[in-house]
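[1] 3D, please:
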Amino acid sequence: MRHKPIVAAALLLTIAGAAPRMRAASAVDGLWDAIIVSGETDIPFRFEIATRGADAQGFFFEGDRKIGSTSGSFADGVLKLEYDFLNTTLELKANGDQLIGAYRSNRPNARPQDVRMRRFAPIPWGSENPPQVNGTWEMRRVAEEVTAPRDTRTWHVFLRQSGAEVAGSILRVDGDTGTLVGGWRGGKLVLSHFAGERPNLFEAEPNSDGTLAVTLNGNAHYLVVRSSEARAKGIPEPPDPSRYTSVKDPTTPLQFAFPEVMTGKTISNTDPQFRGKVVIFAIGGSWCPNCHDEAPFLAELYRDYHARGLEIVGVMFENDPDPKVHRPRVQSFIKRYNLQYPMLYAGTTSPTPTSKTIAEALPQIVNFGAYPTSIYLGRDGRVRSVHAGFASPATGEEHTRLKQELRELTEKLLAESVQSSAPAGRP
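    Modelled structure (predicted):
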């Protein structure tokens, strides 16, 4: 298949003469400029390898944070890395001064994605007087490409600029892109992201009216407008994640009864451990990138407030109904974030003969559309608030604001007695 020529590939890779031929395991250690092929688009990303004898570890970058493999090896010129918490494998073979191979999900029938790497060669981003894009923007699909209701949604865009270098993130109601990194060159802004998941390529050119014409992943086109000007330009507001999803009757306690993932023991809302407690009912899945972003925050809330009466229940909808497949992945998810609260298996993301979907397993929920979605219950078991999605650290100040807002909500609910814990408006 012929891949579309992408400017970002040239910006992040030095294709010729990057390094001498590799002769030993230690020769693969260090930083690499890499490309993963997503569809017909080359997505650049940064990668790091560390070896000790035949053992190896590979690191993706999520902004400044490293995401390391859980196990790995380098032998006979072949690097094999396992990411148990993602249920994925990266396998590369040394080929001259390159590493060439594939990244694949370990799910049955999953298609591998081609990966190639060359030694990291710093290329400074350079542009005389680059346009200033620092700040908050909103993006919307161009009218001629709108074919479904989803295409009409407005998304947030957060950009942080230093000279010609830019980092940022796109935030939808159902999650964000992770940290896009790159900068200006030749009058074009190119940002990309891949950290084991969420491959994205953002290419922007400035319009004369101060807006940006953006191509996402090589084929989808958007108008990007500063948030302060979006309404005047006819861009509707992005969905409010605190109002996007609700429940049919907030005066009725949320009912659930699902098996704990590892033990199979059924846990329900009527169990004594939840009586008179504030409960965060956290719907997610081990496959879900923003669920991984949310998990450290939930673990933090549990540590800080469990002694005051907070309970958290992880409610997992996996993409494979086979326990032999989803149990190890959920177990890795639990271990990675040191989660001390119960994790329940509630069903699958798509219908199967042996499992339930969200609509079947949780019929009280209205307009579910985002993993994760966290439902905050008062001490009487009734729904007080529903938050769809989670703004990851990639969104900068939005992430900080969201954590503070949810922490204040938790403290407010903990301060209430069972008698006063009544629904406060629309969840």
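[2] what ranges do the helices span in the stretch 201-350 of the chain?
    Along the stretch 201-350 of the chain, counting by DSSP state H, counting those that start in this stretch, helices occupy 227-230, 289-305, 323-337.
[3] and of these, who's closest to Arg65?
    Each of those was scored for nearness to Arg65 using CB to CB, and the closest is helix 289-305 (10.8 Å). For every residue, glycine as well, the C-beta is placed using N, CA and C.
[4] just the CA coordinates of the closest one, formatted as CSV?
    Once side chains and other backbone atoms are set aside, the C-alpha atoms of helix 289-305 remain, and they are given as CSV (Å, rounded to 0.1, in the frame of the first residue of the first chain):
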residue,chain,number,x,y,z
PRO,A,289,-6.4,5.3,27.0
ASN,A,290,-8.2,7.9,29.1
CYS,A,291,-9.2,5.3,31.6
HIS,A,292,-5.4,4.9,32.1
ASP,A,293,-5.2,8.7,32.5
GLU,A,294,-8.0,8.7,35.1
ALA,A,295,-6.8,5.7,37.2
PRO,A,296,-4.0,7.6,39.1
PHE,A,297,-6.4,10.3,40.0
LEU,A,298,-9.0,7.8,41.3
ALA,A,299,-6.3,6.0,43.3
GLU,A,300,-5.3,9.4,44.8
LEU,A,301,-8.9,10.1,45.8
TYR,A,302,-9.3,6.7,47.4
ARG,A,303,-6.1,7.2,49.4
ASP,A,304,-7.1,10.6,50.6
TYR,A,305,-10.8,10.0,51.4
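[5] and it, what does it pack against?
    Contact here means 3 or more CB pairs under 8 Å, 6 or more residues apart in numbering; DSSP states H and E; on that basis helix 289-305 packs against strand 175-176, strand 278-284, strand 310-318, helix 323-337, helix 397-415.
[6] the shortest one: partners in the sheet, and parallel or antiparallel?
    Take DSSP bridges as the rule and strand 175-176 pairs in its sheet with strand 165-172 (antiparallel).
[7] right, and the helix or strand after the lengthiest strand in the chain?
    Looking across the chain with DSSP state E, the single longest strand is strand 41-52. Under the assignment DSSP states H and E, the closest C-terminal helix or strand after strand 41-52 is strand 55-62.
[8] neighbouring contacts of that next one?
    Under the criterion CB atoms under 8 Å, 6 or more residues apart in numbering, residues 25, 28, 45-51, 66-69, 72-74, 79-81, 90, 178-179, 194-196, 393-394 lie in contact with strand 55-62.
[9] same question, stretch 139-157
    Taking CB under 8 Å, 6+ apart as the rule, stretch 139-157 contacts 136-138, 168-173, 214, 220-225, 227, 230, 235-239, 395, 398.
[10] which of the residues you listed count as buried?
    Burial by neighbour count, judged by 16 or more other CB atoms under 10 Å, picks out 136-138, 168-173, 214, 222-225, 227, 230, 235, 238-239, 395, 398 from these.
[11] need the pLDDT of Ala8.
    Among the per-residue scores, Ala8 holds a pLDDT of 44.
[12] with the one 10 residues further on instead?
    Here the pLDDT value assigned to Ala18 is 39.
[13] so the closest residue to Val418 other than its chain neighbours, which of the three states?
    Of all residues not flanking Val418 in the chain, Arg379 sits nearest, at 4.6 Å (CB to CB, 6 or more residues apart in numbering). The three-state label for Arg379, taken from DSSP: H, G, I helix; E, B strand; the rest coil, comes out as coil.
[14] what's the helix or strand for Met117?
    Once you assign secondary structure using DSSP H and E, Met117 falls within strand 113-119.
[15] so what strands line up beside that strand?
    According to DSSP bridges, the neighbouring strands of strand 113-119, each with its direction, are strand 30-38 (antiparallel), strand 98-105 (antiparallel).
[16] and the angle for it with strand 41-52?
    Computed by axes from the mean of the first three to the mean of the last three CA atoms, to 10 degrees, the angle separating strand 113-119 from strand 41-52 equals 60 degrees.
[17] ok, back up a step: which ones among the contacts of strand 55-62 lie within helices?
    Judged by DSSP state H, helices contain none of the contacts of strand 55-62.
[18] weed out the non-buried ones from those.
    The neighbour count (16+ other CB under 10 Å) marks 25, 28, 45-51, 67, 69, 72-74, 79-81, 90, 178-179, 194-196, 393-394 as buried among the contacts of strand 55-62.
[19] where does pLDDT dip in this structure?
    Under the criterion of pLDDT under 70, the regions of the chain flagged as low confidence span 1-26, 127, 151, 419-427.
[20] what do you get if the cut-off is 50, keeping everything else the same?
    By pLDDT under 50, the weakly predicted segments of the chain are 1-23, 422-427.
[21] spell out which residues make up each domain of this structure.
    When the chain is parsed with automatic domain parsing, its domains come out as 7-119, 135-230, 246-415.
[22] just send those domains back as a markdown table, with distance to Asn129 too.
    Conversion of the domains of the chain to a markdown table gives the following (distance: least, CB to CB, whole Å):
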| stretch | distance to Asn129 |
| --- | --- |
| domain 7-119 | 19 |
| domain 135-230 | 9 |
| domain 246-415 | 24 |
